[in-house]
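Novice: The following block contains a protein sequence and its predicted model.
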Amino acid sequence: MLFFLSLVALCVLLFMLAFRYRVALLPHVPARLRQLLPASFNNYQPLSTFEQQRGAGLTSPDFDLEANISGGDSRTGLDDQGTREVMEIMRRERVNFDQARLIRHNRILAQNGIDPSGMPTDSKAITRL
């Protein structure tokens, strides 16, 4: 009985880990099996070029990708992880591209102990001499 309980617990743990890391695991799943998965697992496709990113709405007057495209930028496109995060913020919070970039930037600052004004949140930090 204890063996079967341990086996069930292991299966549940593996399922939870697979669900948690599904974004990282999905590229390793064969295409035939990926077609059988629900649409919610296949909602992200990487945007690898500036043209694709511009077409997905990742441009604004303040952040113009057209200049990169017309200037013949040698890079392949924006950072994939940052692109994913900004698109997720745009979808979840229903904001435009510039607002999503600001939200992401403020989150990164907060993770590093910096408030939105640029001042450190550490009380021991020296800000004046």
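Specialist: That came through, no problem.
Novice: Following element in sequence after the worst-scoring helix or strand of the chain on mean pLDDT, please.
Specialist: Every helix and strand of the chain was ranked by mean pLDDT, DSSP states H and E. The lowest is helix 66-70, at a mean of 68. For helix 66-70, the following helix or strand on the C-terminal side (DSSP states H and E) is helix 80-93.
Novice: Please work out the average pLDDT along that following helix.
Specialist: Per-residue pLDDT over helix 80-93 has a mean of 86.
Novice: From the chain's centroid, how far away is that helix?
Specialist: Its chain's C-alpha centre lies 5 Å from the corresponding centre of helix 80-93 when counted by Cα atoms, centre = their mean, to the nearest Å.
Novice: Could you check how far residue 99 is from residue 63?
Specialist: Residue 99 is 12 Å from residue 63, where distance means Cβ to Cβ, to the nearest Å. Placement of C-beta: from N, CA and C, glycine included.
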